[in-house]
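[1] Build me a structure from this.
(chains A and B, ligands or ions: 1)
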Amino acid sequence: MSHLNKPVPAPDPDTKPFWDGCRKHELLIQECDACGRFHFPPAGRCPHCGATGSRWVKASGKGTVYSWIVVVHPVPKEVYAGEVPYVVALVDLEEGVRMATNIVGCDPHAVTANMPVEVSFQDVADDLTLPCFRPAKPSA
Amino acid sequence: MYALKDKYAIAGIGYTDFTAKSGRTVLDLALEAGSKAMADAGVGAADVDGVISYHFNDSVPSIAVATGLGLPEARYAVEFSSGGNAANLIVLSAAAAIEAGLAKTVLCYRAMNGRSGFRLGGGRDMASRGITQFTAPFGWITYPQAMAMWCRRHMIKYGTTSEQMGAVAVSCRNHAQLNERAMMRAPMSLADHQASRMIVEPFHLLDICLESDGACAVLVTKAERARDLKPKPVYIMGGAYGGGPFQGDDLFDAIRWPEHAHNYAKYIANDLWASAGVGPKDIDVAEIYDCFTYSVIMQLEGLGFCKEGEGGAFVQNGRIGLGGEIPVNTHGGLLSEAYIHGFNHVIEAVEQLRGQSGARQVPDAEIALTTAGAMTCGSALVLRN
Ligand SMILES: [Zn+2]
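    Model prediction:
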C-alpha cells in the first residue's frame, strides 16, 4: 500500500519514540513513573496525575474495536480514490488506552463493535510504519 | 456560571443571502450583515464599540469589520479561534465585555464563503503535526469522518438507527420549505435520505450539513438600552460554554474523550439551565446545532429533553417538527437552511421570539434555546422575549 501524497506524521520530541518503535514493529506507550497508569497519545506529562517521568513500554498489541467508520467518499479525491472503502477505527488496547488506526486484513463491512483485533504494522514507506490492526487470530 | 440573567439583550439582527457562490468578499458579507443588524436596532456607528467573531482563519478579523463599518470608538474587537462550538459563546462574551465596561454595544458576527471559498469540512491540515499525526495518516481527515465515529458509537451503545437520523434530516427539510432564505427547499422523504449516497458510513449524504456563503450578525447591549430601541428586545436569560474531561488538542483529538455516545451537551446542561432558571420543559422552540443529524439526537439527550439513549426514538414521529412536542430547527438548520457555522440558529431564535418567522412561526414562542457544538465542547443560550 503506497502512502504517496498522504499525510505523514511529523514526529516531535514527545512522539518520536512512538514512531521509532513502529519502524521496529513495536507498539510503544508510556507508563507513568508516579501513578503507574498508561497514557496515549504521547506527552511529556501524565494526564492522570501530572507527573513528568514515564517509561516507554511495549504494548501487547491486542485490543477491541470501540468505534469505526467506513470511508466511501475519498477526500482528497486524488489521494484516496484508490483506497476506498477503508476503515478507520478507534481501538481500545488491553492496557487501557485508545488509538485511531485502520483495520486491515478483512472486508471493511466485516468490522463489528468490540471485535478483538491485534496490531499489524504496515511499512508504507522506507521511513514510515503505521500501526494498523487486523482481526485477532482466535486463540488456541 | 453565567450570572447576568435578563441583564443583556439582542437588540438587532442582520444577515445576507445564503448561497453557494456569493461572488463577494467575506468582508463585504460581514459588513452587510453588520450594517443590517445596526439598522434593525436603529443605531449608528457611534453607538457600537465592540465587535466579536469566531473563525478558523476562514473569515475576516473583527477589527476589519469595525473599520469597514466606520466605528469611531472600537474599544473591544476580538475573535475566538474556534469552530461552531463558539456560536453562542460570542454572545455571552459580548454581555461579559459590556458588564466589565470594555464596551457598551457589541456586534457579534460569523461571515464566510464556506462553499465558494475555504471549505471548512474538507480542508483539513494534511501536514499531520501535533495530535493529527495520530489521526490523519490513517485517512481520518474530514469533519464528516471525525463525527461519523461519534455517531457510530451512539448506534453501538443505544441501537440508534440510520432511519432515526434520517428523521432529523427530514424534519429540518420540512421546515426549510417554509423558509424563503433556506438553500434547500425541495421536499425530502425518509426514503430519499436512505437512498442518498454513502459518504462515510454511517453517514449518508443527507446526514451532512450544507456548505454556504453568507454572514449573520446580532447586536448585544444592556437590557435597559435595548428597551429604548426599535425592535422588541430578546433577553439573554442564560447560557453556558464548555465540555467534559479530556476535550483534546483539537477537533480530531477526541481519542481521550470518555464516551463518544455523549457529547459536550451532557456536561453543560446543569450550568445552562441553572443560569436561566428554566428547564427543557419550558423551551418553546429549540435551534440545535445540526452539522450532522446525530448531533441533534445527542444534544437532546445531553440537555435533558429525553433520557440518554432515547434520542433516536425521540426525534421520530414529528415530535421535533412544527406542532410537535419541541419544534427543532424551525429554519431548516445547518442541514437545509445554510451552514453559517451555527450563527444562523441565533438569528432564527430571535425571529421566532419576535414573532417574525412567518409560515414557520411557533405560536406564542416565549423562550428559545440555541446550541452550538457536536463533539467535546460547545455553547448554548436560553433567550426570551
Ligand atoms: Zn501519572
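
[2] what does chain A have sitting close to chain B?
    A:3, A:6-12, A:15, A:19, A:40-41, A:47, A:66-73, A:75-76, A:80, A:83, A:85-86, A:88, A:90, A:98-102, A:113, A:128, A:130, A:132 (Cβ under 8 Å from any Cβ of the partner chain). For the C-beta atoms, the positions are set from N, CA and C on the backbone; glycine is no exception.

[3] which ones are touching the residue in the stretch 251-385 of chain B positioned nearest to the ion?
    Per Cβ to the ion, B:Arg256 is where the stretch 251-385 of chain B lies closest to the ion, at 13.8 Å. For B:Arg256, the contacting residues are A:Pro41, A:Pro47, A:Arg98, B:Phe246, B:Gly248, by Cβ atoms under 8 Å, 6 or more residues apart in numbering or on different chains.

[4] So which of the residues of chain A next to chain B are in helices?
    A:Trp19, A:Tyr80 (DSSP state H).

[5] ok, now which ones touch the closest residue to the ion within the stretch 101-250 of chain B?
    Of all residues in the stretch 101-250 of chain B, B:Phe246 sits closest to the ion, at 14.0 Å by Cβ to the ion. With contacts defined as Cβ under 8 Å, 6+ apart, B:Phe246 is in contact with A:Pro47, B:Arg256, B:Trp257, B:Pro258, B:Thr376.

[6] Quick check: the second one vs B:Gly68, distance?
    Meaning B:Arg256. 41 Å (Cβ to Cβ, to the nearest Å).

[7] Kindly report the same for the first one.
    With distances defined as Cβ to Cβ, the gap from A:Pro47 to B:Gly68 amounts to 43 Å.

[8] secondary structure element for the closest residue to A:Leu130 other than its chain neighbours?
    In this structure, A:Leu130 finds its nearest non-sequential neighbour in A:Gln122, 4.8 Å apart by Cβ to Cβ, 6 or more residues apart in numbering or on different chains. Using DSSP states H and E, A:Gln122 falls within strand A:116-125.

[9] Likewise for B:Ser59?
    Here B:Ser59 is covered by no helix or strand, with elements defined by DSSP H and E.

[10] if we can go back for a sec, name the SS class of the residue of the stretch 251-385 of chain B closest to the ion, please.
    Per DSSP: H, G, I helix; E, B strand; the rest coil, the local secondary structure of B:Arg256 is coil.

[11] do the same with the one 10 residues further on
    Per three-state DSSP, the secondary structure class of B:Lys266 is helix.

[12] wait, doesn't it sit right on B:Glu301?
    Yes: using Cβ atoms under 8 Å, B:Lys266 is in contact with B:Glu301, at 7.4 Å.

[13] Please identify which of these two sits among more neighbours.
    Taking other Cβ atoms under 10 Å in any protein chain shown, B:Lys266 and B:Glu301 do not tie; B:Glu301 has more neighbours (25 against 19).

[14] how about that one, what does it touch?
    Here B:Glu301 is in contact with B:His262, B:Ala265, B:Lys266, B:Lys307, B:Glu308, B:Gly309, B:Glu310, B:Gly311, B:Phe314 (Cβ under 8 Å, 6+ apart).

[15] B:Asp207 too?
    Listed by Cβ under 8 Å, 6+ apart, the contact set of B:Asp207 reads B:Cys151, B:Ser162, B:Met165, B:Gly166, B:Ala169, B:His193, B:Ile199, B:Phe292, B:Thr293, B:Tyr294.
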